[in-house]
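Undergrad: Any chance you can model this:
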Amino acid sequence: MQPSPAIKASKLARRFTYLSTYGGGGGGGTTPVANRRAAEQSCLASLGLCDAVPKLVQAHARIIKCGLGSNPLVLTKFASVSSDLDAVDLACSFVFAPDADARLYDAFLFNTVVRACAQSKRREALGFYRLMLRSGISPNKFTYPFVLKACAGIGDLRLGRAVHCSVVKFGFDEDVHVQNTMVHMYSCCGGGGIEFARKVFDGMTKLDSVSWSAMIGGYVRLGESGDAIALFRKMQIAGVKPDEITMVLVLSACADLGALELGRWVESYVVRENVRKTVELCNALIDMFAKCGDVDSALRLFRSMSNKTIVSWTSVIGGLAVHGRGMEAVSLFDEMMAAGVVPDDVAFIGLLSACSHSGLVEKGRDYFSLMTKRFGIKPKIEHYGCLVDLLCRAGLIQKAIEFVEKMPLEPNPVIWRTLINACRAHGELKLGEDITKRLIGKEPMHESNYVLLSNIYAKMSHWEKKTKIREVMDTKGMRKIPGSTLIELENEIYEFVAGDKSHDQYKEIYEMLDEMGREIKKAGYLPSTSEVLLDINEEDKEDALNRHSEKLAIAFALLRTPPGTSIRIVKNLRVCEDCHSATKFISRIYDREIVVRDRNRFHHFKDGICSCGDFW
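TA: Now for the predicted structure:
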């Protein structure tokens, strides 16, 4: 970060004060002051050439040799260079040595050290801030953005509020840069920090693009993407022009919500307003297209990029993976290696996931071996999870269990749940029951484990045991996460939950549901009622299934869109077996392509067929 004119002026003023303290330059000949000044310039030049820690260590020795260990200008430069080289410990041990003369410290020196610690998310940043106050040095307006950034890295709301009080005390609470960082800080803190962030934001008299981006970014980080989009629309109404950082954040919110049309608008806005198309912005567009179900547009944009990073490659590979286009993902990975781009651990997660979703068992095993033997990448739990998922999707349950037993890492709950779902899908119900009970023993307060066991008992038609599990959940105060579905139509995002009657058109939606039910039954659809609660008759069970959130969203789309239009919906949970079967029939009867993004992958339904091959 380049120093501002104010900081440059401050440095010159301090240098003038320092020279005045030690005497001005004389006439002819070499004076001690002239020697000192020459040594100072030499050390500063030496520090300016440091591009590695060994050179910094040499410069450190030179500073000591020249007797400049108490020169504030040299110390500040040393601290700044140390920060750039990620050698904060070396800077702090030198600058704040026990025998150092604290009288020569100033705000700029402390700011530099606090900034260095804040960048590496070290709590010491707050310690040096406290030392600054104890030393009687008043903070300036440049101090608090660094201190607040340190608080953001720690994520401690109480600490952040204490610094906020200090900001008010020293009179910097009206400075827009301080306010922007405060919004960011609060939005990084849990325990309701986002509410404090919004209070600061709403109280600001001057809002720039950084202010809006800080608040939008806070919502995105918390997964409150709907609020992020709503705030972005307010930003447009306010006439504030977004920059590429704002666009990246908005695209992240679009990806989370599956808001493809808004994402396409962002792309056109970037072109229309000549927003700087950085690599980061292009990568965000690729990610948005892939997660909103338009992986072909992601590929188009990727091919048009002249400067690709590893993130660009992995975003497309991962996108192809969740869309079930495994061979294309494998081909792109091979192309990446041919281009000389060295794959990282994230690239292999995407690649193994692609093999899993497309049933490429042997290729997946080969790539897992390649990762370790050729590239020396030590597998993480995510890589092991991908291979377990690969074996489970292929129905190789026993091989998956053998693999898990030989893993050098302790299997995490995600791996156990993968095995359980596979047991349920492939009829290994007793094995699934045993694994689930073991998982409940390890995670007795995780509601999804009880739901898994309940579903297994439903498959086994053990209704009494299923009822007992639900009673245990009620006793423990647990509730199954309600299924919900998002759909974007006409620049609005609508959310449906099972049995939803909150929509203005709910009567028409339910009439369309009934019509859908009649038509798909005529075509041969049979409801899968085995997992529906409990002691109700078959007709009521079918009615309960018919009110699932994804069916409501599809009915709404059929009402509101022209014939032949594609339908895209986002489900927060894994799409259920019955809705998956029904959607295949709906796609054929109503001649619609229906794209469903669930918690695991994309399902492209067309002409009565799903891209997932019916094991999802």
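Undergrad: Excluding covalently adjacent residues, which one is nearest to the residue most central in space within the chain?
TA: Nearest to the geometric centre of the chain sits residue 221, at 6.7 Å (Cα atoms, centre = their mean). Once flanking residues are discounted, residue 221 sits nearest to residue 187: 6.6 Å by Cβ to Cβ, 6 or more residues apart in numbering. All C-beta spots, glycine's among them, are computed from the backbone N, C-alpha and C.
Undergrad: Could you count how many residues lie near that neighbour?
TA: Using other Cβ atoms under 10 Å, residue 187 has 25 other residues around it.
Undergrad: What's the per-residue pLDDT of it here?
TA: You'll see residue 187 listed with a pLDDT of 95.
Undergrad: was I right about it contacting residue 197?
TA: Yes - counting by Cβ atoms under 8 Å, residue 187 touches residue 197, with 4.2 Å between them.
Undergrad: quick one: buried residues of the helix or strand that contains residue 582?
TA: Using DSSP states H and E, residue 582 sits in helix 577-589. Residues 577, 578, 579, 580, 581, 582, 583, 584, 585, 586, 587, 588 are the ones in helix 577-589 that count as buried (16 or more other Cβ atoms under 10 Å).
Undergrad: Stretch 86-104 too?
TA: Those would be 87, 88, 90, 91, 92, 94, 95, 96, 104, for stretch 86-104 by 16+ other Cβ under 10 Å.
Undergrad: Repeat that for stretch 205-224.
TA: Residues of stretch 205-224 classed as buried under the neighbour-count rule (16+ other Cβ under 10 Å) are 207, 209-220, 222, 224.
Undergrad: Could you do stretch 161-175 as well?
TA: Along stretch 161-175, these residues count as buried under the neighbour rule (16+ other Cβ under 10 Å): 163, 164, 166, 167, 170, 172, 173, 175.
Undergrad: which one is the fifth one nearest to, not counting chain neighbours?
TA: It refers to residue 170. Once flanking residues are discounted, residue 170 sits nearest to residue 139: 5.8 Å by Cβ to Cβ, 6+ apart.
Undergrad: ok but the one you found is inside a strand, no?
TA: No - counting by DSSP: H, G, I helix; E, B strand; the rest coil, residue 139 is not found in a strand; it is coil.
Undergrad: thinking again about what came up before, which residues are in contact with each of residue 187 and residue 197?
TA: Shared contacts of residue 187 and residue 197, defined by Cβ atoms under 8 Å, 6 or more residues apart in numbering, are found at 214, 215, 218.
Undergrad: Which strand or helix spans the second one?
TA: Read it as residue 215. helix 209-221.
Undergrad: And the helices in the stretch 351-500 of the chain?
TA: Listed in chain order, the helices of the stretch 351-500 of the chain (DSSP state H, counting those that start in this stretch) span 361-373, 381-393, 397-406, 413-425, 429-442, 447-459, 463-475.
Undergrad: most neighbours per residue, which of those helices?
TA: Greatest average neighbour count among those goes to helix 381-393 (a mean of 23), per mean count of other Cβ atoms under 10 Å.
Undergrad: what angle separates that one from helix 361-373?
TA: In terms of direction (axes from the mean of the first three to the mean of the last three Cα atoms, to 10 degrees), helix 381-393 departs from helix 361-373 by 160 degrees.
Undergrad: any idea how far helix 381-393 is from the chain center?
TA: Offset of helix 381-393 from its chain centre (Cα atoms, centre = their mean, to the nearest Å): 22 Å.
Undergrad: How about stretch 211-226?
TA: That offset, for stretch 211-226, works out to 12 Å (Cα atoms, centre = their mean).
Undergrad: what sits up against that stretch?
TA: By Cβ under 8 Å, 6+ apart, stretch 211-226 touches 176, 179-181, 183-184, 186-188, 194, 197-198, 201, 204, 227-228, 231-232, 235, 240, 242-243, 245-246, 249-250, 252-254, 256-257, 493.
Undergrad: Kindly recompute the last result at 6 Å.
TA: 180, 183-184, 187, 194, 197, 201, 227-228, 231-232, 235, 240, 245-246, 249, 252-253, 256-257 (Cβ atoms under 6 Å, 6 or more residues apart in numbering).
Undergrad: From residue 222, how far off is residue 424?
TA: Residue 424 sits at a distance of 33 Å from residue 222 (criterion: Cβ to Cβ, to the nearest Å).
Undergrad: returning to what we had before: look over the buried residues of stretch 86-104 and name the one with the lowest pLDDT score.
TA: In terms of pLDDT, residue 104 ranks lowest among the buried residues of stretch 86-104, with 69.
Undergrad: burial count for the nearest residue to residue 429 once chain neighbours are set aside?
TA: Spatial nearest neighbour of residue 429, excluding adjacent residues (Cβ to Cβ, 6+ apart): residue 460 at 5.2 Å. Number of residues near residue 460 (other Cβ under 10 Å) recorded here: 16.
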